[in-house]
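J.: attaching a predicted model along with its sequence, questions to come.
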Amino acid sequence: MAYPTHGECANFRDGRCLLLGVEVDPNGPACPNFTPRSAPIPTAPSPPSELWRIKRELEELRWNLRLLEMRLKRLKSMRASP
């Protein structure tokens, strides 16, 4: 069974984990925060529907919320350290 790697994660860019802000091996096993990269969105001949637009906005909000939660967690751990 093949395990996902950092390079396959949506949170990985230019050799870094965007959630934790650290360099990671793109071929190394992914962490518990692994989020698969989304498949490319097909180009529709007509403009996207209102429902599609709302779903995309919700996905972006969820992503931003998760990122902020991770940053808050990291800041709290830094504050708790002597």
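T.: Cool, got the structure. Residues are numbered from 1 along each chain as shown.

J.: pLDDT score for the residue nearest the centre of the chain?
T.: Nearest to the mean C-alpha position of the chain, counting by C-alpha atoms, centre = their mean, stands residue 11 at 3.6 Å. Looking at residue 11, its pLDDT is 87.

J.: equivalent analysis for residue 48, please.
T.: 64.

J.: pretty sure the residue nearest to the centre of the chain is touching residue 33, no?
T.: Yes - contact criterion C-beta atoms under 8 Å: residue 11 and residue 33 qualify, at 6.5 Å. All C-beta atoms are positioned from the backbone trio N, CA, C, and that covers glycine.

J.: pLDDT score assigned to the closest residue to residue 74 other than its chain neighbours?
T.: Of all residues not flanking residue 74 in the chain, residue 20 sits nearest, at 7.2 Å (C-beta to C-beta, 6 or more residues apart in numbering). Residue 20 carries a pLDDT value of 83.

J.: please apply the same query to residue 69.
T.: With respect to pLDDT, residue 69 has a value of 93.

J.: any idea which element it lies in?
T.: Per DSSP states H and E: residue 69 is located in helix 50-80.

J.: what residues sit buried inside that helix?
T.: For helix 50-80, burial by neighbour count (16 or more other C-beta atoms under 10 Å) applies to residue 70.

J.: distance from that helix to the middle of the chain?
T.: From the chain centre to the centre of helix 50-80 is a distance of 9 Å (C-alpha atoms, centre = their mean, to the nearest Å).

J.: just for the chain, where's the confidence low?
T.: Residues of the chain meeting the criterion pLDDT under 70: 1, 39-48, 82.

J.: just give me the neighbour total for residue 14.
T.: Neighbour count for residue 14, taken as other C-beta atoms under 10 Å: 7.

J.: before we move on, back to that, OK, contacts around the residue nearest to the centre of the chain?
T.: Residues near residue 11 by C-beta atoms under 8 Å, 6 or more residues apart in numbering: 17-19, 33-35.
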